[in-house]
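[1] Structure of the sequence below:
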Amino acid sequence: MGKITVETCEIEGLKVITPTVFGDERGYFMETYNYNDYKEAGIDMEFVQDNQSSSKKGVLRGLHFQINFPQDKLVRVVSGEVFDVAVDLREGSKTYGQWYGVLLSAENKKQFFIPKDFAHGFLVLSDTAEFAYKCTDFYHPNDEGGLAWNDPDIGIQWPISEGMELTISEKDQKWTGIKTLKKDK
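    Purely as a prediction, here's the structure:
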């Protein structure tokens, strides 16, 4: 392996990946994904779709998940900085309803692996941020699920700085709390 460092998180299945960066006076080079390295690290997935978004400071996207077609995700920040969050929605999991957050930035180049059956969201902390992610299933617009970003039963501690104005989509403002999730999703 050697090209990536993988940290396990308090919630089983979540992993923070730091790639090896080769830099000199010209700039830097890194592999953002290498199947063999990830397989050796226990992330043996077939990614079928790559997505990228651009957002302004204060944009909070999420918390999203796919109901019948869940996706594993490998997320990273291309430019800027975000606080990225995953919430465990795996029925029977000892950490069901718990969250984990990590700072992802163009500077630290960390990636976050989020397995199926987790809700996912992020808050943009820099003036702008470009966010990229790989998914193991295709997006199905009629299969969307979500949770309120501020659900007190989850208790995410978003790093909202004084004076930061949040921008949340109309759709994301309508999600309810974790207690309302159907057990047969």
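[2] where's the nearest residue to D44 once chain neighbours are set aside relative to E46, distance?
    Excluding its sequence neighbours, the residue lying closest to D44 (CB to CB, 6 or more residues apart in numbering) is Y38, at 7.2 Å. Placement of C-beta: from N, CA and C, glycine included. From Y38 over to E46 the distance is 11 Å, taken as CB to CB, to the nearest Å.
[3] And for D137?
    10 Å.
[4] neighbour count winner among Y38 and E46?
    The neighbour count for Y38 versus E46, taken as other CB atoms under 10 Å, is higher for Y38 (22 against 9).
[5] Would you check that my belief about that one contacting K15 is correct?
    No. In this structure, Y38 is not within contact of K15 by CB atoms under 8 Å, at 9.6 Å.
[6] Identify the contacts common to these two.
    With CB atoms under 8 Å, 6 or more residues apart in numbering applied, the contact sets of Y38 and K15 do not overlap.
[7] which residues of the protein fall in helices?
    For the chain, the helices defined by DSSP state H cover 35-40, 170-173.
[8] Give me the contact list for the last one.
    When you say that, I think you mean helix 170-173. Under CB under 8 Å, 6+ apart, the answer for helix 170-173 is L60, R61, G62, G146, W149.
[9] Wait, L123 touches K56, no?
    No. Applying CB under 8 Å, one finds L123 not in contact with K56, separated by 11.4 Å.
[10] Would you mind stating the distance between E107 and I4?
    Relative to I4, E107 is positioned 17 Å away (CB to CB).
[11] low pLDDT regions in this structure?
    1-2, 182-185 (pLDDT under 70).
[12] please redo it, this time with the cut-off set to 90
    Counting by pLDDT under 90, the chain has low-confidence residues at 1-3, 181-185.
[13] residue boundaries of the strands in it?
    For the chain, strands defined by DSSP state E occupy the ranges 4-8, 15-19, 22-24, 27-29, 49-56, 60-66, 73-79, 81-88, 99-105, 111-114, 118-124, 128-135, 144-146.
[14] could I get these as TSV with mean neighbour count and distance to I156?
    Output for the strands of the chain, formatted as TSV (neighbours: other CB atoms under 10 Å; distance: least, CB to CB, whole Å):
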stretch	mean neighbour count	distance to I156
strand 4-8	15	20
strand 15-19	18	17
strand 22-24	9	34
strand 27-29	9	32
strand 49-56	13	18
strand 60-66	22	8
strand 73-79	21	16
strand 81-88	24	6
strand 99-105	20	5
strand 111-114	25	14
strand 118-124	25	8
strand 128-135	19	18
strand 144-146	16	14
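[15] Could you dump these into a markdown table with distance to T167 added?
    Formatted as a markdown table, the strands of the chain follow (distance: least, CB to CB, whole Å):
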| stretch | distance to T167 |
| --- | --- |
| strand 4-8 | 30 |
| strand 15-19 | 26 |
| strand 22-24 | 34 |
| strand 27-29 | 31 |
| strand 49-56 | 7 |
| strand 60-66 | 7 |
| strand 73-79 | 18 |
| strand 81-88 | 13 |
| strand 99-105 | 19 |
| strand 111-114 | 22 |
| strand 118-124 | 9 |
| strand 128-135 | 12 |
| strand 144-146 | 16 |
